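>>> Coordinates for the following, if possible.
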Amino acid sequence: MLHKNVGGFLRRINRKKPLDEDYLSTDLHRCLGIKDLTVLGMSGMLGAGLYVLTGTVAKNTSGPAVILSYAIASAAAFLSALCYAEFGSRIPTTGSSYIFTYVTMGEFWGFLMGWNMVLEHGVGSASVAKAWSGYLDAAMGYPVKTFFLANLSMGQHHPLGDYPDLVALAIILILSGLVAIGAESSAKFNLLFTIVNILVVLFIIVTGLFLANVKNWTKVEDGFWHFGFTGVISGASRCFFAYAGFDIIASSCEEARNPRRDIPIALAISLATVTLSYIGVSAVLTLMVPWNEIVPESAFSDAYARHEGWRWAELVVTCGALCTMTTSMFSGLFVLPRILYAIAKDGLLCPILAEINYRTQVPLWAVSFTALLCGGMATIFDLETLVQFMSIGTLTSYSFVAACVVLLRYGAVGDSSLVQLSAPTNTTNTTNDGSIATSSSETTSNMDEDESPPGKTQNATTSMSRGPVVGETSMLVTGSSPPVIEHTSRGDTSSLVSGRRKVKLKVEYEGGRLDRLLSAYQSDDIILTSLIISVSFSTIGMLIVVYALEHLTCGAWWAWLILILSFGGAMSSLFVIFAHDHHQSAAESSEAKTFKVPFVPILPYVCICVNIFLMIKLEPMTWFRLIIWIGVGIAVYFLYGFHHSLLNPARHEPTWLDKIWCKIATSSVASKVDDVTPHVISKLTRKTSMEQKLLPSDDDDMTSQ
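Numbering: from 1, shown residues only. All right, here's what the predicted structure looks like:
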């Protein structure tokens, strides 16, 4: 009995989001093209790191080799971007890593990723607002800081700031207002500021080359390689966070006009442009100024101040820095309401966050909540705490998305409704130019076109009806043929369950010892288990490299033994995945083809390992804060989301929390009634006795006679 209850509970929290609905239709406005998505991605990556992180890494970590640190970091970011490109083009709906995890791993893990993204983008926007406020205050000579420290100081209480940063709060509220006016208008504002950013970057590169001195790379201390290869790798681990933000493109794909084509192209263009920008400005900075004399807080302003007649360039750099941080902050405030909207639309958060304003086609309540959340964090927390908190959230999301690519590619989605039947009354097609088109075989509403809600657009054009196509969504997402569908009882967690795949190895491994060993198990279970084991072994090996490097260099046998066993275990488990045949169909048509990550499972696996390595190097306190945040998210899920999920057939029934509250309320009312009843009876008794005294008795009647 206990086994059945536990098994049922695990199945319910791992239920997958179905895609047999017309998930390409949306209440949001599909108005973003390649240009808009590219600009959005660039604004998310070109942030405060361009003007602050570059000088810090160049002086303290890598020296002039900071350009190699940025190149290595961009390669690591490119691996994650490939995974986002595949999911963004295959599942073009808002939510990014939340929805990707939901449809491959299950509801509980998807909610945790969504909750993690709230942390990532919320803290990211708050940290940039904090940097924006500090940069503006420094340019004016710190009048704001002086005033608030004298009048509203909060003392030196880490992780809180020294004073409430009302300037950061104000800029967040202003940009949130711009987000609320609609995606199309917001994109125009973002485009304007991004153009200014690119012009300032070009100005720095061109003028920096004019003022460059090659001796700063060759004659200063040990020259270009002062910190060695170790310094380059350490710098890359810090520079990686400069590229955090490209996932904003995937989060906005529900508002893209042609997500299958535009998402991968926008990711590639934005990442390449940002990489060239970072490498260019870091190169000219270390050529303009000796790396050991860089002032990290104002690296570029100080560099121009050192050259006679160039102090006017400080104004240009200051304006560029403020514009860059404005667009970075704006991109975070733009995407976070979409994430909240996606989670709430699935019933896992308060439904008010999923309400769309049909005039602006924006989730205004989600925008308001985002403004309060980010503004509150920017007001009271210090910048260092926010940056560290954002880093671990970003790396966690990237790791899960890379794992989802492996699970999706090999069909390891268990009873996922990714491979369920499409609704026969609503099918999804692709036009000749690759844009989205839908056809319906029956009317879904009795309203005429004139009676539809104002501002609601028809986001899909009508194509020639082909009749119902079974499994079309399955072929779009997984590239597979329709699965065997098993109908379940009404009390089960889902109405449709896909057939689980038996082990199917590649031709060269069929009939061998590995095939006989795995034939008794399901392919889904083997892929997931092998991935978990391989990543665990890799993590152990990386922990040895990071924390026992001295023992390895000294030849300690136990350290080398653990490292060799970890490497062997990781490669063996990865080989089990590699030996499986991809879950795809030869019947996949050209119109259903989308971008795919090459060299699976190698590239996603390397991406996971790189992200975990960077997470290991973070401060222990950052891990502690993440655990607290995840704990709060788990509580929210089980207290609200688990029952109110749209995948829960009993979501309209009272929850266990409602029942407990009703019992408490009932017992409270009953106790009050019990307390009141004796007093009422006593009063009635006293009243009766007094009335008896006032009434004439029989003796009085006889006396009167």
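>>> all helices of the stretch 601-705 of the chain, in order?
Using DSSP state H, counting those that start in this stretch, the helices found in the stretch 601-705 of the chain span residues 602-616, 620-636, 642-644, 656-694, 698-704.
>>> Just give me the lowest mean pLDDT stretch among the ones you listed.
Note on the helices of the stretch 601-705 of the chain: helix 698-704 shows the lowest mean pLDDT, a mean of 48.
>>> who touches residue 148 in this structure?
Going by C-beta atoms under 8 Å, 6 or more residues apart in numbering, residue 148 touches 162-166. (Glycine included, C-beta is placed from N, CA and C.)
>>> In JSON lines: these, plus pLDDT.
Formatted as JSON lines, the contacts of residue 148 follow (pLDDT from 0 to 100):
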{"residue": "162", "pLDDT": "78"}
{"residue": "163", "pLDDT": "82"}
{"residue": "164", "pLDDT": "86"}
{"residue": "165", "pLDDT": "87"}
{"residue": "166", "pLDDT": "90"}
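>>> okay but residue 252 is in contact with residue 338, surely?
Yes: Residue 252 is in contact with residue 338 according to C-beta atoms under 8 Å; the separation is 6.6 Å.
>>> so what sits against both of these two?
Joint contacts of residue 252 and residue 338 (C-beta under 8 Å, 6+ apart) are residue 94.
>>> returning to that earlier point: make a PyMOL selection of whichever of the contacts of residue 148 turn out to be buried.
Burial among the contacts of residue 148 is assessed by 16 or more other C-beta atoms under 10 Å; the matching PyMOL selection reads:
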select buried, resi 162+163+164+165
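>>> now, among the contacts of residue 148, which is nearest to residue 262?
residue 165 (37.0 Å; C-beta to C-beta).
>>> Which parts of the stretch 101-250 of the chain are helices?
Using DSSP H, counting those that start in this stretch, helices in the stretch 101-250 of the chain cover 107-139, 143-151, 166-180, 183-210, 215-218, 228-239, 247-251.
>>> name the element the closest residue to residue 120 other than its chain neighbours belongs to?
Nearest residue to residue 120 in three dimensions, chain neighbours excluded: residue 393, at 3.8 Å (C-beta to C-beta, 6 or more residues apart in numbering). Assigned by DSSP states H and E, residue 393 belongs to helix 383-409.
>>> again with residue 40
helix 34-45.
>>> what does the helix or strand just after that helix rub up against?
Stepping forward along the backbone from helix 34-45, the first helix or strand reached (DSSP H and E) is helix 53-57. Residues from elsewhere that reach helix 53-57, judged by C-beta under 8 Å, 6+ apart: 66, 69, 235, 238-239, 241-242, 278, 281-282, 285, 294-300.
>>> Kindly report the same for stretch 72-80.
In contact with stretch 72-80 (C-beta under 8 Å, 6+ apart) are residues 232-233, 236-237, 239-240, 242-244, 246-247, 271, 274-275, 278, 398, 401-402, 603-604, 606-607, 610-611, 614.
>>> Narrow these to just the buried residues.
232-233, 236-237, 239-240, 242-244, 246-247, 271, 274-275, 278, 398, 401-402, 603-604, 607, 610-611, 614.
>>> residues contacting the spatially most central residue of the chain?
Nearest to the mean C-alpha position of the chain, by C-alpha atoms, centre = their mean, lies residue 117 at 3.2 Å. Listed by C-beta under 8 Å, 6+ apart, the contact set of residue 117 reads 96-98, 251, 336, 339, 393, 397.
>>> how close does the residue nearest to residue 120 sit to residue 121?
Using C-beta to C-beta, to the nearest Å, residue 393 is found at 9 Å from residue 121.
>>> who's more crowded, the two?
residue 121 (34 against 26; other C-beta atoms under 10 Å).
>>> Just confirm the more buried one contacts residue 334, I think it does.
No: counting by C-beta under 8 Å, residue 334 is not a contact partner of residue 121; they are 9.2 Å apart.
>>> so what sits against both of these two?
residue 248.
>>> residues contacting residue 556?
residue 548.
>>> could you redo the last one with a cut-off of 10 Å?
548, 550, 562 (C-beta atoms under 10 Å, 6 or more residues apart in numbering).
>>> which one of the contacts of residue 148 is nearest residue 138?
Taking C-beta to C-beta as the measure, residue 138 sits nearest to residue 165 out of the contacts of residue 148, at 13.4 Å.
>>> The nearest residue to residue 119 once chain neighbours are set aside and residue 205, how far apart?
Sequence neighbours aside, residue 393 is the residue nearest to residue 119 in space, at 4.4 Å (criterion: C-beta to C-beta, 6+ apart). Here the distance between residue 393 and residue 205 works out to 32 Å (C-beta to C-beta).
>>> Residue 102 touches residue 13, doesn't it?
No: contact criterion C-beta atoms under 10 Å: residue 102 and residue 13 do not qualify, at 11.9 Å.
>>> between the two, who's got more neighbours?
Relative neighbour count places residue 102 above the other of residue 102 and residue 13, with 28 against 17, counting by other C-beta under 10 Å.
>>> Hmm, residue 17 and residue 104 touching each other?
Yes: contact criterion C-beta under 10 Å: residue 104 and residue 17 qualify, at 9.4 Å.
>>> Between the two, point out the one with more neighbours.
residue 104 (28 against 25).
>>> how many other residues sit next to the nearest residue to that one once chain neighbours are set aside?
The shortest distance from residue 104 to any non-neighbouring residue, by C-beta to C-beta, 6+ apart, is to residue 404 (4.4 Å). Other residues lying near residue 404 total 26 when counted by other C-beta under 10 Å.
>>> What pLDDT does the model give residue 404?
In this model, residue 404 carries a pLDDT of 89.
>>> can you pull the contacts of it?
Contacts of residue 404 (C-beta under 10 Å, 6+ apart): 83, 86-87, 97, 100-105, 109-110, 113, 412-413, 604.
>>> Mind listing the shared neighbours of residue 102 and residue 13?
Common neighbours of residue 102 and residue 13 (C-beta under 10 Å, 6+ apart) are 108-109, 111.
>>> Counting neighbours, which of those residues comes out on top?
Busiest of the shared contacts of residue 102 and residue 13 [other C-beta under 10 Å] is residue 111, holding 26 neighbours.
>>> Verify the contact between that residue and residue 99 for me.
No: here residue 111 lies out of contact with residue 99, judged by C-beta under 10 Å, at a distance of 11.1 Å.
>>> overlap in contacts of the two?
Counting by C-beta under 10 Å, 6+ apart, the residues touching both residue 111 and residue 99 are 343, 346.
>>> what about residue 506, neighbour count?
Neighbours of residue 506 (other C-beta under 10 Å): 12.
>>> Got phi/psi on the residue lying closest to it once chain neighbours are set aside?
Leaving aside its chain neighbours, residue 506 sits nearest to residue 581 (5.2 Å; criterion: C-beta to C-beta, 6+ apart). The phi and psi values for residue 581, taken as degrees, to the nearest 10, are phi -80, psi 140.
>>> so how far is residue 298 from residue 581?
For residue 581 relative to residue 298 (C-beta to C-beta), the value is 57 Å.
>>> who's more crowded, the two?
Comparing residue 581 with residue 298 by neighbour count (other C-beta under 10 Å), the higher total belongs to residue 298, at 20 against 16.
>>> dump the residue contacts of residue 192.
Counted by C-beta under 10 Å, 6+ apart, residue 192 has contacts 39, 323, 327.
>>> coming back round to it: quick check on the contacts of helix 53-57: which are buried?
Judged by 16+ other C-beta under 10 Å, buried ones among these: 66, 69, 235, 238-239, 241-242, 278, 281-282, 285, 294, 296, 298-300.
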